[in-house]
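A.B. asks: This is a predicted model, with the sequence first.
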Amino acid sequence: MRRTNTCGELRAEDIGKQVCLQGWVRFSRDHGGVAFIDLADRYGITQIVFDPEDLPKGTDVNAMADTMKTFTRESVVSIVGTVRKRVEGTDDARNPTGEVEVLITEAELLNKSAAPPFEIGDQKEGVLPNEDTRMKYRYLDLRRTEMIQAMEFRSKFLHLARQYLEQNSFLEIETPILGRSTPEGARDYVVPSRVHPGTFYALPQSPQLFKQMLMVGSMDRYYQVARCFRDEDSRKDRQPEFTQLDMEMSFVDMADIQNMIEGLLSFVWKGLYGKELETPFPRIAYRDAMERFGSDKPDMRYGLEFVKLTDVVKDVPYQIFQRILAEGGIVAGINLGDGSAKVGRNEVDRYIHYAKNKAKLGGLTWMRCENGVLTSNITKYFTPEILENIKQAMNVKEGDLIFLIAGPWKATYEGGGVLRRKIAEDLGLVPDDVFQFFWMVDCPMFEVDPVSGKYDAFHHPFVLPLNDINDDYVAGACFDICLNGNELGSGSLRIHNADLQRAVLEKLGVPDETIEKEFGWFIQALGYGAPPHGGIAMGVDRLIAILLNKETIRDVIAFPKNKRAVSLLDNSPEKIDDSKLEELQILSLATGDLDLESLEDIDSDEQ
RNA sequence: GCCCUGGUAGUGUAGUGGCCUAUCAUGAAGCCCUGUCGAGGCUUCGACACGGAUUCAAAUUCCGUCCAGGGCGCCA
């Protein structure tokens, strides 16, 4: 018999119906006569009752009992029966199907299950198995309600996004997975070519150049749920392969792109939560974000903003600050406000330690307002007037604790941002039910490496500069979308002029030869009437993880890699047969079979 | 490449030099039980990641390796 209903479907109005349910035996309770089975599938759990004294006439009771014995945990079974109201007082209000149960009349084992290595079911906090066990048996882990919900949510999100984009004339176009390696950016995953021995494709780090080619090709509006690959070390929000919602549009300005994303997210929000998402999102300039929150992706769900004190303390006798200011550094302060009382002297020392070791700050100065004046171990190096000015500037009230950071602009604010987040977490200031989107705007085009003096692209080399690239400061037509202290994605207008593209690559120190070899085809395409265009890509894994309050993106990816880029389910990566390597004309240095000495005559000059 | 935390039955844990023949829960196997719902009761099974060192004595201390997670670097 075919399944007539899912395990999450039956309600009181179905009482009396003959149904066939198929699913997994989650829990069973045998009372010696009557027995209960919680039959589960993706949609829910329905209670099945087996009562040997309540079977249809002519049923072989012993055969049935034998079948029931085979219904072990996680076996897959098919049952036929009658929906009936539960015995008075045995309803289960926690379960949507809890008013009814199905009285078995026929039962069949579809597939047995080995004893599962861990208990499936709605686990309490903290009793989940280790992540490696979950990954090894991911197909079992996926049966958990939490994982099912994550997969449903993700699917629904992407469906709504596609719906919105289709309504707005976007075309979903697939770009190649096998492409060419580019010199800049992350390490590539590489695929050897059999047809052209010694050459390699690279998996895309993003479809950047292809989507720009689509604009040159008049596609006008493109999107893709694009898999991207970067061979870099993992974090809880980063793994080797990830998914971007990638878009590109022609004849637009930055506001058009931002409006489109706000429209998209509002539409998705409505579909997911039935609520309006507040738009437009706030915008904050890069420099303001750094100076107020110490981050280019600040968590703005809470305050704890930095106040710039460089001018206030410029005449302070305190030598450390004087030296820093003389070197062009900054001084800034953060006021713990109402949380100050929770931070005693020992905690202050712990923050000083944290600042030096984790936040990479040179040091951390503290002061507390007692009896109307700022006091601490170093206030003797400050004049009363300067202390009063600090108080004013930082709006210090009696009892408030303030921390002062000092040093070079970028490193100090970044360190301050790390400290700010730590303080907010310690003081319990981070709400977990607020989703604060914003745009980080007014970004620089380049960053100068403080050590080498080399120019780096702030976003990437295809961003449109907004002024002459030889000016002291070059603004880039780029922006980030952030959510709760995470960068979700970045967008920009792109260079559509071949000469300008070449000049930017030169400015970034890419040798002419490399430009020609690696980007020649791309620059050439820009020369054939590339329209002004721009776009954005959002990290789907991150966004879903944040919306679902997950600690790691691994909890919203069906088959993730672990920290060391291993898939514990299929044990990849793995060695391949010598015969395959031979066909690809590849020798491995990693196996240890090769004697490097004997390879001397192989030309090692080439990379 | 580096730093930090951890690794005890299938799973989750307790155990900081001798009270360890290693705790508890869950699970599995068997038995009992006719209204449970992560059913209950009884019995049984099952573990100190690996290698070395210190010691009369090591799950416990030390060294190395492997494995897992978090972070730095890296991620145009």
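C.D. replies: Sure thing, it's come through.

A.B. asks: by contact count, what packs against the strand or helix carrying residue A:388?
C.D. replies: Using DSSP states H and E, residue A:388 sits in helix A:384-393. Where contact means 3 or more CB pairs under 8 Å, 6 or more residues apart in numbering; DSSP states H and E, helix A:384-393 is packed against strand A:365-370, strand A:373-375. To be clear about C-beta, it is placed using only N, CA and C from the backbone, and glycine gets the same treatment.

A.B. asks: can you do 10 Å?
C.D. replies: strand A:306-308, strand A:330-335, strand A:365-370, strand A:373-375, strand A:401-407 (3 or more CB pairs under 10 Å, 6 or more residues apart in numbering; DSSP states H and E).

A.B. asks: For RNA strand B, find the nearest of those.
C.D. replies: strand A:401-407 (14.8 Å; CB to the nearest atom of the strand).

A.B. asks: The helix or strand just after that closest one relative to strand A:401-407, how many degrees between them?
C.D. replies: Moving toward the C-terminus from strand A:401-407, the next helix or strand (DSSP H and E) is helix A:409-426. For helix A:409-426 against strand A:401-407, the angle by axes from the mean of the first three to the mean of the last three CA atoms, to 10 degrees is 150 degrees.

A.B. asks: how's chain A carved up into domains?
C.D. replies: A:12-111, A:148-283+A:438-556, A:302-430 (automatic domain parsing).

A.B. asks: I'd like the ones you listed written out as a markdown table, with distance to RNA strand B added.
C.D. replies: Formatted as a markdown table, these follow (distance: least, CB to the nearest atom of the strand, whole Å):
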| stretch | distance to RNA strand B |
| --- | --- |
| domain A:12-111 | 3 |
| domain A:148-283+A:438-556 | 3 |
| domain A:302-430 | 7 |
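
A.B. asks: would you put the C-alpha positions of stretch A:101-116 in PDB?
C.D. replies: C-alpha atoms of stretch A:101-116 as PDB (Å, rounded to 0.1, in the frame of the first residue of the first chain):
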ATOM      1  CA  GLU A 101      -3.300   7.900  17.200                       C
ATOM      2  CA  VAL A 102      -3.400   5.200  14.500                       C
ATOM      3  CA  LEU A 103      -4.500   1.700  15.500                       C
ATOM      4  CA  ILE A 104      -2.500  -0.800  13.500                       C
ATOM      5  CA  THR A 105      -4.400  -3.300  11.300                       C
ATOM      6  CA  GLU A 106      -1.400  -4.200   9.000                       C
ATOM      7  CA  ALA A 107       2.300  -3.700   9.400                       C
ATOM      8  CA  GLU A 108       5.400  -4.300   7.300                       C
ATOM      9  CA  LEU A 109       9.100  -3.800   7.800                       C
ATOM     10  CA  LEU A 110      10.400  -1.900   4.800                       C
ATOM     11  CA  ASN A 111      14.000  -1.800   6.000                       C
ATOM     12  CA  LYS A 112      15.700  -2.700   9.200                       C
ATOM     13  CA  SER A 113      18.200  -0.400  10.900                       C
ATOM     14  CA  ALA A 114      21.400  -1.100  12.800                       C
ATOM     15  CA  ALA A 115      21.400   0.300  16.300                       C
ATOM     16  CA  PRO A 116      22.000   4.000  15.800                       C
END
